[in-house]
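Asks: Okay, predicted coordinates and the sequence, questions at the end:
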Amino acid sequence: MSASDGVAARAVDVWKEYGSGDAAVTALAGVSVELERSRFTAIMGPSGSGKSTLMHCLAGLDDVTRGEVWVGDTKVTGLRDKGLTELRRDKVGFIFQQFNLLPTLTAEENITLPLAIGGKKVDQAWFDVVVDTVGLRDRLSHRPTQLSGGQQQRVACARALVSRPDVVFADEPTGNLDSQSGAEVLGFLQRSAREFGQTIVMVTHDPNAASYADRVIFLKDGHIVRELLSPSADEVLETMKHLDSVQVAGSQVVQHSGSSRV
Ligand SMILES: Nc1ncnc2c1ncn2[C@@H]1O[C@H](COP(=O)(O)OP(=O)(O)OP(=O)(O)O)[C@@H](O)[C@H]1O
């Protein structure tokens, strides 16, 4: 089995358990999802519902207890260290809440670092498109400390996109930004999916941030329980409220998963 052309990443009945015995936690309880190419997908859900775990498993940053993960045509589950290193370097891009730029490098050097590490040439035309789209042309020789938080995150966005990965994973990318800078970063992520065909997967707590996505997946207790297409922020908020209030339905799902592992 491999990912089909239209699917950038896929989880197939993924289970993730942390710890063992009485301390065991089921973070993901049989999650199956296909992330279509060129789409911007947001993952939402209450605290502890498994959002980060799902993203980390999809990105090959964490192993799964059971099930399969694919990125493009690469089966991530079962890869050894060398394969995982290549996957993270060549097939996926990351945007973190804390930017994670190297302080001694300029913006330009930070953006091209993944290519340099992989021994790859910079595609100058694509580099120019990315840099102009994020509006960093006149900041390329600046170091991170000389940039605002919003500018630093835009450098991180450009770094994630410059190698044209199969998927860009963004973990609360606007969590440290003011609303104006956050809107710029979200607008950029949206355009990179629509105009450049980049697949984006973003974990967020913020209904407004999720409303920039083409698709919002809602997790609860390690299950995907709802999904919305191109929702408004209000619709996302309403759905989140509903998730809180449907404890009975939620516990039924949890009971089902619990019975197979506890
Ligand atoms: N390394 C770990 N060891 C043990 N339990 C863990 C570990 N990482 C996550 N968990 C547990 O797995 C469950 C899902 O955690 P996860 O971080 O994926 O949730 P989340 O939805 O991203 O939460 P948040 O919104 O608070 O970041 C939680 O119960 C959490 O306590």
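Replies: Right, received. Where do you want to start?

Asks: so who does the residue most central in space within the chain touch?
Replies: Geometric centre of the chain, nearest residue: Phe169, 2.6 Å, by Cα atoms, centre = their mean. The contact partners of Phe169, taken as Cβ atoms under 8 Å, 6 or more residues apart in numbering, are Met55, Leu58, Ala59, Val92, Gly93, Phe94, Ile95, Val201, Met202. To be clear about C-beta, it is placed using only N, CA and C from the backbone, and glycine gets the same treatment.

Asks: Tell me the predicted confidence for the first one.
Replies: Right, the one you point to is Met55. The confidence metric pLDDT takes the value 96 at Met55.

Asks: That one contacts Val201, correct?
Replies: Yes. Met55 is within contact range of Val201, at 6.5 Å (criterion: Cβ atoms under 8 Å).

Asks: Between the two, which is the more surrounded one?
Replies: Relative neighbour count places Val201 above the other of Met55 and Val201, with 26 against 19, counting by other Cβ atoms under 10 Å.

Asks: So that one sits against Pro165, correct?
Replies: No. When contacts are counted by Cβ under 8 Å, Val201 is not listed as touching Pro165 (11.1 Å).

Asks: so what secondary structure elements neighbour the lengthiest helix in the chain?
Replies: What stands out as the longest helix in the chain, according to DSSP state H, is helix 179-194. Helices and strands touching helix 179-194, by 3 or more Cβ pairs under 8 Å, 6 or more residues apart in numbering; DSSP states H and E, are strand 40-44, helix 124-134, helix 149-161, strand 167-171, strand 200-203.

Asks: how about the residues of this protein near the ligand?
Replies: Applying Cβ under 6 Å from any ligand atom, we find that the chain lies next to the ligand at Tyr18, Gly19, Val25, Ala27, Gly45, Ser47, Gly48, Ser49, Gly50, Lys51, Ser52, Thr53.

Asks: rewinding a little: mutual contacts of Met55 and Val201, please.
Replies: Counting by Cβ under 8 Å, 6+ apart, the contacts common to Met55 and Val201 are Ile43, Phe169.

Asks: If you count neighbours, what's buried in stretch 59-76?
Replies: Under the neighbour-count criterion of 16 or more other Cβ atoms under 10 Å, stretch 59-76 has 59-62, 64, 67-72, 74-76 buried.

Asks: Distance to Ala156 for these - can I get that in CSV?
Replies: Supplementary listing: the buried residues of stretch 59-76 in CSV, determined by distance: Cβ to Cβ, whole Å:
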residue, distance to Ala156
Ala59, 15
Gly60, 19
Leu61, 16
Asp62, 21
Val64, 27
Gly67, 30
Glu68, 29
Val69, 24
Trp70, 25
Val71, 20
Gly72, 22
Thr74, 24
Lys75, 28
Val76, 23
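
Asks: Kindly indicate which of those residues lies nearest Arg226.
Replies: Arg226 lies nearest to Gly67 out of the buried residues of stretch 59-76, by Cβ to Cβ, at 20.7 Å.
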